[in-house]
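Trainee: sequence unknown, structure follows:
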């Protein structure tokens, strides 16, 4: 749908004590708020953190774009910070809306009999989180606590929980499924008819502590860092996508799109035994990162035709499978136009708009177009094994780390550095 760019919105944020970060879309109609707002000291520094609450003040005379910190003043005790921000956002043409980050001060959650209590250590931010932040995720209702790429440490066990221990490093599988629909009954709970995902349709993990069903917790090795643990979720997406082709050993594989998921798909394919892997993008930075991670052939399709690159990399037989990790009409059009007849295309990325691609060519060339949706537990296990075996490298993808109180700054950083950012991590326990 078409959006209008509204004149910049002057925001006077205050930081309040709290341990859960929410995203909230709420309408505003030129309301004005008290501008003299400052932070409150956290009552218990060991269990509470600071989060940012944005409150808007419409300023039609200010036409600065983006979100920019004009002033940051830290008080002597290091717990009090004052900000002055200018933020420009897009508005639906009928009702103006503004994203607000608020915080709740909550009691320490208690695990139920079949749950574990996890001290959240790191949270990864993905593109879907940014869509939620901008109020543009089509399947998210507000308010919602975000956070679905996560690592942590078990600090409590329900009385019925076995197979886990206090102090164990874990990650969390964020799917909440019904268990009784056709996909669930046949083991494909990632396709549940009533699927909810933590951080989107149900409470996410952006808390210092999170109580969760033990069935959704997967241990990670002691030697694996918490940053890497928080990236097992996107790696599981890549593992599930690659496995749509079954055994890829000996195959020639092309990946379109060298963002975080495309990079991980390419690494996974190589780690699972593909003969040669080519990845394409229009960003030299992302291609350089793919080369750093060990991908065989990295091609900028602004400089070389995609079809020519396929033949140059693999000969006239081209690739056995093309994974589209960019998800737009151009990339899917390239895949359909240049794929070897009778070969496979796997759509990994989510199309933002209705697709307009040449299905007549797909039909004429008898192309098998597959799709992929999230992951299941075995994909998590395989993802952990790939990292543990040194076949997938996660740390090169980490662009920057922010402390929990700077969640908003992390979003701003991503917005301002989209072309150079791969993965941003929130360190929940950093004070």
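Mentor: Done, it's in. The model shown is predicted, which means the values in this text are computed figures rather than measured ones.

Trainee: Tell me which residue is most central in the chain.
Mentor: residue 126 (2.0 Å; CA atoms, centre = their mean).

Trainee: which ones are touching that one?
Mentor: Counting by CB atoms under 8 Å, 6 or more residues apart in numbering, residue 126 touches 148, 149, 234, 260. For the C-beta atoms, the positions are set from N, CA and C on the backbone; glycine is no exception.

Trainee: That one and residue 357, how far apart?
Mentor: Using CB to CB, to the nearest Å, residue 126 is found at 25 Å from residue 357.

Trainee: repeat for residue 111
Mentor: Taking CB to CB, one finds residue 111 at 48 Å from residue 357.

Trainee: now residue 321
Mentor: 17 Å.

Trainee: okay, those two: which has more neighbours?
Mentor: residue 321 (24 against 19; other CB atoms under 10 Å).

Trainee: what's the nearest residue to the more buried one if we skip its chain neighbours?
Mentor: residue 344 (4.5 Å; CB to CB, 6 or more residues apart in numbering).

Trainee: Tell me the pLDDT of that neighbour.
Mentor: Note for residue 344: predicted pLDDT of 98.

Trainee: who's in contact with it?
Mentor: 245, 320, 321, 322, 367, 368, 369, 370.

Trainee: Give me the buried entries from those.
Mentor: Buried by 16 or more other CB atoms under 10 Å: 245, 320, 321, 322, 367, 369, out of those.

Trainee: where along the stretch 251-400 of the chain do the helices fall?
Mentor: Ranges of helices within the stretch 251-400 of the chain are 260-271, 284-292, 306-314, 329-338, 359-364, 377-388, based on DSSP state H, counting those that start in this stretch.

Trainee: Could you say which of these is packed most deeply?
Mentor: helix 260-271 (a mean of 28; mean count of other CB atoms under 10 Å).

Trainee: quick check: angle from that one to helix 284-292?
Mentor: Orientation of helix 260-271 against helix 284-292 (axes from the mean of the first three to the mean of the last three CA atoms, to 10 degrees) gives an angle of 20 degrees.

Trainee: which helices and strands does helix 260-271 pack with?
Mentor: Helix 260-271 sits against helix 232-242, strand 252-256, strand 276-281, helix 284-292, strand 321-324, helix 377-388, with contacts defined as 3 or more CB pairs under 8 Å, 6 or more residues apart in numbering; DSSP states H and E.

Trainee: Now with 6 Å, please.
Mentor: helix 232-242, strand 252-256, strand 276-281 (3 or more CB pairs under 6 Å, 6 or more residues apart in numbering; DSSP states H and E).

Trainee: Residue 351: which of those is closest?
Mentor: strand 252-256 (13.3 Å; CB to CB).

Trainee: What strands flank the closest one, and is each parallel or antiparallel?
Mentor: strand 276-281 (parallel), strand 321-324 (parallel) (DSSP bridges).

Trainee: any chance of those strands in a markdown table, plus mean pLDDT?
Mentor: Converted to a markdown table, the strands paired with strand 252-256 look like this (pLDDT from 0 to 100):
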| stretch | mean pLDDT |
| --- | --- |
| strand 276-281 | 98 |
| strand 321-324 | 98 |
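
Trainee: Put together CSV for the ones you listed, with distance to residue 406 on each row.
Mentor: Output for the strands paired with strand 252-256, formatted as CSV (distance: least, CB to CB, whole Å):
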stretch, distance to residue 406
strand 276-281, 29
strand 321-324, 34
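
Trainee: Please identify the deepest-packed of those.
Mentor: Most buried among the strands paired with strand 252-256, given mean count of other CB under 10 Å as the contact rule, is strand 321-324, at a mean of 28.

Trainee: that older thread, quick check: the residue nearest to residue 321 vs residue 299, distance?
Mentor: Counting by CB to CB, the gap from residue 344 to residue 299 is 20 Å.

Trainee: picking up where we left off before, show me the two of the contacts of residue 344 that sit farthest apart.
Mentor: Checking those with CB to CB, the most distant pair is 320 and 369, at 14.5 Å.

Trainee: and of the strands paired with strand 252-256, who's closest to residue 164?
Mentor: Going by CB to CB, the one of those nearest residue 164 is strand 321-324, 34.6 Å.

Trainee: Give me the distance from the closest one to the chain's centre.
Mentor: 21 Å (CA atoms, centre = their mean, to the nearest Å).

Trainee: which outside residues touch that strand?
Mentor: Contacts of strand 321-324 with the rest of the structure, by CB atoms under 6 Å, 6 or more residues apart in numbering, involve 245, 253-256, 265, 331-332, 335, 339, 344-348.

Trainee: May I ask which two of the residues you listed are separated the most?
Mentor: 245 and 331 (18.2 Å).

Trainee: coming back round to it: so which of the helices and strands packed on helix 260-271 is the most surrounded?
Mentor: strand 252-256 comes out most buried of the helices and strands packed on helix 260-271 by mean count of other CB under 10 Å, with a mean of 29.

Trainee: Between helix 329-338 and it, find me the angle.
Mentor: 150 degrees.

Trainee: Give me the below-cutoff pLDDT ranges for the chain.
Mentor: For the chain, applying pLDDT under 70 flags the ranges 1-106.

Trainee: the helices in the stretch 51-200 of the chain, which residues?
Mentor: 127-133, 182-185.

Trainee: okay, these, which one's buried deepest?
Mentor: helix 127-133 (a mean of 20).

Trainee: Surely residue 230 is in contact with residue 152?
Mentor: No: if you go by CB atoms under 6 Å, residue 230 and residue 152 don't touch, sitting 8.9 Å apart.

Trainee: Can you list the helices and strands that the longest strand along the chain packs against?
Mentor: In terms of residue count, the longest strand belonging to the chain (DSSP state E) is strand 115-125. Strand 115-125 sits against strand 149-157, strand 209-213, helix 226-230, strand 423-427, with contacts defined as 3+ CB pairs under 6 Å, 6+ apart.
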